[in-house]
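**Student:** Build the 3D model from these lines:
(chains A, B, C and D)
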2 protein chains.
Amino acid sequence: MLHEECERLDPRVRRTRQLLQDALRKLLEEKEFDKISVQDITEAATVNRATFYAHYDDKFALLGELIRVSFLKLLAQRGVQFDGGCSTAFQVLILAVCDYLVELEKSQSLSQHQFEPFVERTVMDQIRVVLLDGFERHPVERSIAAEMIAATASWAIYGAVKQWVNTADRVPAEEFVTVAVELVRPIVMAGVQQPANV
Amino acid sequence: MLHEECERLDPRVRRTRQLLQDALRKLLEEKEFDKISVQDITEAATVNRATFYAHYDDKFALLGELIRVSFLKLLAQRGVQFDGGCSTAFQVLILAVCDYLVELEKSQSLSQHQFEPFVERTVMDQIRVVLLDGFERHPVERSIAAEMIAATASWAIYGAVKQWVNTADRVPAEEFVTVAVELVRPIVMAGVQQPANV
DNA sequence: AAACTTGTGTTACTTAAGCAACAGTCGACG
DNA sequence: CGTCGACTGTTGCTTAAGTAACACAAGTTT
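**Tutor:** Residues are numbered from 1 along each chain as shown, chains lettered A, B, ... in the order given. This next block holds a predicted model:
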């Protein structure tokens, strides 16, 4: 679903986007996001400015892509799949969100108040996509649409993790996850006709 | 002479060559040169194989470029220029050759017997170019062509340094350089009509 | 020996990236 | 106030990179 469309893309397109993402990632290590211009990015990427606009509407779109990709990479590293036992998949997913948000907190350039909502929204939405993707691959009889479940659960997961991250003396992530799973379970199970292993 | 033609080059060309050079450099860290195919290089560079041949005749041509560039980079770092006092310039040049050959000796992938001559020849020839470039920027009345002087001196310098590198318990590079300069001086001074500061 | 396999060079054709120029926004500065 | 400077988007046209196909060579496998 992600790789299939990616692989048949023109190699130049893949490379250009990769270069732009790498450039922005590098610039974010030294500058704050609002101090980075499209010009800066394209220069660092050795790509023409016009080419940038052929791929992204603006630097926010690129940042969004960057966040999505890095988040998905984190998931892939941990082998998050909704193939095997689903109960563990949720744990791993939430744990990944924990780690991602902890990492994000450390980043100077992205925790600027003006951009935090954008970043949060992007991560959250990607959680939704991952959930929905999982539901579609493992269909279950429901009285409520999977889209609705995914949307609700993703907000819930993000909200819970966010709350955990903001806690001053927070419990270990592993411990928190067991609690969070219990919070999310009712959402996921809502409207399920026959008992599932979630 | 090098940067002028380089800067007005199409950015795509510059980038492609850079990618190919980086790819080969990276592959050389893990494989020997003869185990590396053009395919390997182009894959690592995210460049099409046909594009490779639009820039280089074969992988040797790319290797040559790689060597030239890295050698020139070394010189640039040390600010080797024939603008100021020429006597010091020769010292710095020879010292740079020392360091470069010492580095080269460590490299597994390039000290294979089959390719060593090629590498040596490339470095040597680049010394010649640097010398000739220096002569052309600081013209002196000579009865012998600058091309001839440059060619002779470059072989001499390389030969001396090579001998030094091969010595089991060699003296420090700085000490060797003072000797080498004395060896090279007569060549450079040959046929000079009026006394120069070389 | 014949049939694969893997890599090399080369080609005509397609597609994406680069360029230069333009109009537009926005803040800084005299 | 204006106008300067830096940045943003957008456009037709140019140029380089990508593709797939080919012939060829050298080494394996059957």
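**Student:** Up against chain B, what does chain A have?
**Tutor:** Residues of chain A lying close to chain B by Cβ under 8 Å from any Cβ of the partner chain are A:11, A:14-15, A:18, A:46, A:48. To be clear about C-beta, it is placed using only N, CA and C from the backbone, and glycine gets the same treatment.
**Student:** make it 6 Å
**Tutor:** A:15, A:46 (Cβ under 6 Å from any Cβ of the partner chain).
**Student:** A helix includes A:Ala44, no?
**Tutor:** Yes - checked against DSSP: H, G, I helix; E, B strand; the rest coil, A:Ala44 lies within a helix.
**Student:** List the contacts of it.
**Tutor:** A:Ala23 (Cβ atoms under 6 Å, 6 or more residues apart in numbering or on different chains).
**Student:** What pLDDT does the model give it?
**Tutor:** Note on A:Ala44: pLDDT of 96.
**Student:** Also A:Val181?
**Tutor:** Confidence for A:Val181, expressed as pLDDT, is 91.
**Student:** What is the neighbour count of the residue lying closest to A:Ser107 once chain neighbours are set aside?
**Tutor:** Nearest residue to A:Ser107, sequence neighbours excluded (Cβ to Cβ, 6 or more residues apart in numbering or on different chains): A:Leu28, at 7.3 Å. Residues lying near A:Leu28 (other Cβ atoms under 10 Å in any protein chain shown) number 17.
**Student:** try the one 10 residues further on
**Tutor:** Using other Cβ under 10 Å as the criterion, A:Val38 is surrounded by 15 other residues.
**Student:** where's it relative to B:Thr51, distance?
**Tutor:** 27 Å (Cβ to Cβ, to the nearest Å).
**Student:** before we move on, the earlier item: where's the residue nearest to A:Ser107, which helix or strand?
**Tutor:** helix A:11-30 (DSSP states H and E).
**Student:** Check which helices and strands that helix sits against.
**Tutor:** helix A:38-45, helix A:59-77 (3 or more Cβ pairs under 6 Å, 6 or more residues apart in numbering or on different chains; DSSP states H and E).
**Student:** Between those helices, which one is closest to B:Tyr100.
**Tutor:** Minimum separation from B:Tyr100 across the helices and strands packed on helix A:11-30 (Cβ to Cβ) falls at helix A:38-45, 29.4 Å.
**Student:** C-terminal to the closest one, what's the next element?
**Tutor:** With DSSP H and E setting the assignment, the helix or strand that follows helix A:38-45 is helix A:49-55.
**Student:** roughly how far is that next one from the heart of the chain?
**Tutor:** 24 Å (Cα atoms, centre = their mean, to the nearest Å).
**Student:** which strands and helices sit next to it?
**Tutor:** The contact analysis (3+ Cβ pairs under 6 Å, 6+ apart) places helix A:49-55 against helix A:38-45.
**Student:** the inter-axis angle of the helix it packs on versus helix A:59-77?
**Tutor:** 50 degrees (axes from the mean of the first three to the mean of the last three Cα atoms, to 10 degrees).
**Student:** so how far is DNA strand D from the residue nearest to A:Lys26 when sequence neighbours are not counted?
**Tutor:** Excluding its sequence neighbours, the residue lying closest to A:Lys26 (Cβ to Cβ, 6+ apart) is A:Ala44, at 6.4 Å. For A:Ala44, the distance to DNA strand D equals 12 Å [Cβ to the nearest atom of the strand, to the nearest Å].
**Student:** one step back: and the contacts of the helix holding A:Leu28?
**Tutor:** By Cβ under 6 Å, 6+ apart, helix A:11-30 touches A:36, A:41, A:44-45, A:47, A:55, A:62, A:66, A:109, B:46.
**Student:** got the CA coordinates for it in CSV?
**Tutor:** In CSV, the C-alpha atoms belonging to helix A:11-30 read as follows (Å, rounded to 0.1, in the frame of the first residue of the first chain):
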residue,chain,number,x,y,z
PRO,A,11,13.8,6.9,-9.6
ARG,A,12,14.5,10.6,-10.2
VAL,A,13,11.3,11.4,-8.3
ARG,A,14,12.3,9.1,-5.4
ARG,A,15,15.7,10.5,-5.3
THR,A,16,14.6,14.1,-5.4
ARG,A,17,12.2,13.6,-2.6
GLN,A,18,14.8,11.8,-0.6
LEU,A,19,17.3,14.6,-1.1
LEU,A,20,14.8,17.2,0.0
GLN,A,21,13.8,15.2,3.1
ASP,A,22,17.5,14.6,4.0
ALA,A,23,18.2,18.3,3.5
LEU,A,24,15.3,19.4,5.7
ARG,A,25,16.3,16.8,8.4
LYS,A,26,19.8,18.2,8.4
LEU,A,27,18.8,21.8,8.5
LEU,A,28,16.5,21.1,11.4
GLU,A,29,19.5,20.0,13.4
GLU,A,30,21.0,23.5,13.2
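**Student:** Any part of that helix near DNA strand D?
**Tutor:** Yes - shown here: helix A:11-30 in contact with DNA strand D (Cβ under 7 Å from any atom of the strand) through A:11-12, A:15.
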